[in-house]
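1. predicted structure and sequence below. I'll ask about it afterward.
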Amino acid sequence: MAPRGVPMGELDIQGIGMTSQRTRDRLIATLREMGIENEEVLRVMRYVPRHLFVDQALASRSYENSSLPIGHAQTISQPYIVAKMTELLLSSSVPDKVLEVGTGSGYQAAILGGLVRELHTVERITPLHRNARDLLYQLGYRNVRTHLADGSWGWEQAAPYDAIIVTAAPETVPQALLDQLVVGGRLVIPVGGGDGEQDLQLIRRISEKNFDIESKETVVFVPLLKKIN
Ligand code: SAH
């Protein structure tokens, strides 16, 4: 392993100063205080270098528990929300094949990539899709497949999924996402719009036709938009 702060290839994975392991450990402590309990989730969040998923100018803020801009009017989610949604996705067992809608920076994908066997992630904005694809590849993820697509249609090619996570908010749950879940599968999704706040829902497919819906908390996500861009 490279000494502290020394870039490995082009990537400074270890970080230094405000991106050092000590700073990251403080974030993990905050997540615990806020109620995150899944040790696997905390373990993965401790080592994924969030500072590489934000603009260099914001790197010093990357281990604060806040969302940050990633360009194109989009944001990388707050670490607490990433942890919470991941924990909900994993709550009964670790899903094998997962779909993420809204790749954005690729950070949530990297967290999931460290936990599940196969992850598909779709993004509608071309430059975000490309950046995330390249970064995830450079970081060595080979189980994460990135796609440029409108995720309101899910990603039919690899369906069905054991779990689906949506990181942009639709007004109502897209039917395609429900259809692409296995029976027993779970969907974590912010639902609603209008006032800028949404209801984070955990939806379980309990049979071919029946879904159980639980509201978990109030969240703020960018809207799920149609068509690629
Ligand atoms: N998971 C991301 C958070 C990204 S913000 C991260 O860890 O950084 C939400 C993302 O959803 C944005 O990049 C936005 O462009 C994308 N998005 C919005 N509507 C979409 C759609 N219909 N299909 C795919 N991606 C979409």
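-> Received, thanks.

2. by contact count, what packs against the strand or helix carrying residue 70?
-> Residue 70 is part of strand 68-71 when elements are defined by DSSP states H and E. Helices and strands touching strand 68-71, as assessed by 3 or more C-beta pairs under 8 Å, 6 or more residues apart in numbering; DSSP states H and E, comprise strand 74-76, helix 126-138. Where C-beta positions appear, they are placed from N, C-alpha and C, glycine not excepted.

3. buried residues in that strand?
-> Going by neighbour count (16 or more other C-beta atoms under 10 Å), the buried part of strand 68-71 is 68, 70.

4. dump the residue contacts of residue 75.
-> When contacts are counted by C-beta atoms under 8 Å, 6 or more residues apart in numbering, residue 75 touches 67, 68, 69, 104, 222.

5. tell me the residues of the protein that contact the ligand?
-> Within the chain, the positions lying close to the ligand (C-beta under 6 Å from any ligand atom) are 74-77, 101-102, 104-105, 107-108, 122-125, 128, 150-152, 167-168, 222, 224-226.

6. of these, buried ones?
-> When the residues of the chain next to the ligand are checked for burial by 16+ other C-beta under 10 Å, the buried set is 74-77, 101-102, 104-105, 107-108, 122-125, 128, 150-152, 167-168, 222, 224.

7. which parts of the chain are helices?
-> Remark: helices assigned in the chain by DSSP state H are 21-33, 39-47, 79-89, 107-113, 126-138, 175-179.

8. what about residue 140, how many residues nearby?
-> Look at residue 140: counted by other C-beta atoms under 10 Å, it has 9 neighbours.

9. quick one, longest strand in this structure?
-> If you go by DSSP state E, the chain has its longest strand at strand 181-191.

10. can I get the CA coordinates of that one in PDB?
-> What follows is strand 181-191 as a C-alpha-only set of coordinates in PDB (Å, rounded to 0.1, in the frame of the first residue of the first chain):
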ATOM      1  CA  LEU A 181     -38.200  -6.400  -8.500                       C
ATOM      2  CA  VAL A 182     -38.200 -10.100  -7.600                       C
ATOM      3  CA  VAL A 183     -40.900 -11.300  -5.300                       C
ATOM      4  CA  GLY A 184     -39.300 -10.700  -1.900                       C
ATOM      5  CA  GLY A 185     -37.300  -7.800  -3.300                       C
ATOM      6  CA  ARG A 186     -37.100  -4.300  -1.900                       C
ATOM      7  CA  LEU A 187     -37.200  -0.800  -3.300                       C
ATOM      8  CA  VAL A 188     -35.900   2.200  -1.500                       C
ATOM      9  CA  ILE A 189     -37.200   5.400  -3.100                       C
ATOM     10  CA  PRO A 190     -37.900   9.100  -2.200                       C
ATOM     11  CA  VAL A 191     -41.500   9.800  -3.400                       C
END
